[in-house]
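> Sequence first, predicted coordinates after that:
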Amino acid sequence: MAIGKAIGGYLLVGLLCVPFVYWNSANGYRTDGTGRNVGQALSGGLLFWPSYLFSIEPEIDGDSIEGFGKSYREVLDYRDTKWFAGGSDRSRKSENRHMMDSALTACILMLDTERRIPKGVDVWAWMSSSTDPYVRAVQKKVMDKFDGEDFSGINSVGRECFKKQ
């Protein structure tokens, strides 16, 4: 009887975490169907809620180029290692990276008002190797835009940038 109550309590706490897991995983922005996204949030919330509740998600550090790159990788690595975020699902891992890269690229292209940054390349790497003051200014604006954002915030900012293009 006590085991049943413990399991029920565990699942109840997990059920309360489902909306937070759905939002934190930016499932509203994913290309998968609603059923898959809700299912991922249900399984992530019901079963793996301790990995969600007892961890601190890293945020983007927009103070320097090195800090930005390091924190960007930390956010991605965090998403790839947490089961509540689909860390055991290879397609979810690649989708996490694609979502972050798309958000970053959308903001770079939106802030590039003179259209001097080439499309179709690794834009951030190209910008990091450039010494052009205009490109450096755009890069600083991008870092400021993402400063302090976690995975969900990165995708939200990226969505705003995409709408403004």
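That came through fine. Residues are numbered from 1 along each chain as shown.
> Point to the helix or strand of the chain where mean pLDDT is at its lowest.
Across the helices and strands of the chain, mean pLDDT, DSSP states H and E gives its lowest value to helix 34-53, namely a mean of 72.
> so Val18 touches Leu42, yeah?
Yes - applying Cβ atoms under 8 Å, one finds Val18 in contact with Leu42, separated by 5.8 Å. All C-beta atoms are positioned from the backbone trio N, CA, C, and that covers glycine.
> If you count surrounding residues, which of those two has more?
Taking other Cβ atoms under 10 Å, Val18 and Leu42 do not tie; Val18 has more neighbours (18 against 15).
> Where does the prediction get shaky in the chain?
22-23, 25-33, 37, 40-41, 44-45, 83-92 (pLDDT under 70).
> all helices for it, in order.
Using DSSP state H, the helices found in the chain span residues 2-24, 34-53, 65-81, 90-111, 123-129, 133-146, 151-164.
> Tabulate these in JSON lines, adding columns for distance to Glu59.
Output for these, formatted as JSON lines (distance: least, Cβ to Cβ, whole Å):
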{"stretch": "helix 2-24", "distance to Glu59": "13"}
{"stretch": "helix 34-53", "distance to Glu59": "16"}
{"stretch": "helix 65-81", "distance to Glu59": "7"}
{"stretch": "helix 90-111", "distance to Glu59": "13"}
{"stretch": "helix 123-129", "distance to Glu59": "18"}
{"stretch": "helix 133-146", "distance to Glu59": "9"}
{"stretch": "helix 151-164", "distance to Glu59": "8"}
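> any idea how far the residue lying closest to Ser102 once chain neighbours are set aside lies from Leu12?
By the measure of Cβ to Cβ, 6 or more residues apart in numbering, the closest residue to Ser102 outside its immediate chain neighbours is Gly158, 6.2 Å from it. According to Cβ to Cβ, to the nearest Å, Gly158 stands 34 Å off from Leu12.
> Which one's more surrounded, those two?
Neighbour comparison, Gly158 and Leu12: the larger count goes to Gly158, with 25 against 11 (by other Cβ under 10 Å).
> Contacts only, for the more buried one.
With contacts taken as Cβ atoms under 8 Å, 6 or more residues apart in numbering, Gly158 has the following neighbours: Met99, Met100, Ser102, Ala103, Leu104, Ala106, Cys107.
> and which of those is nearest to Ile56?
Ranked by distance to Ile56 (Cβ to Cβ), the contacts of Gly158 are led by Met100 at 18.3 Å.
> How about that closest one: what's its closest non-neighbour residue?
Closest residue to Met100 in three dimensions, ignoring its sequence neighbours and counting by Cβ to Cβ, 6+ apart: Ile154, at 5.6 Å.
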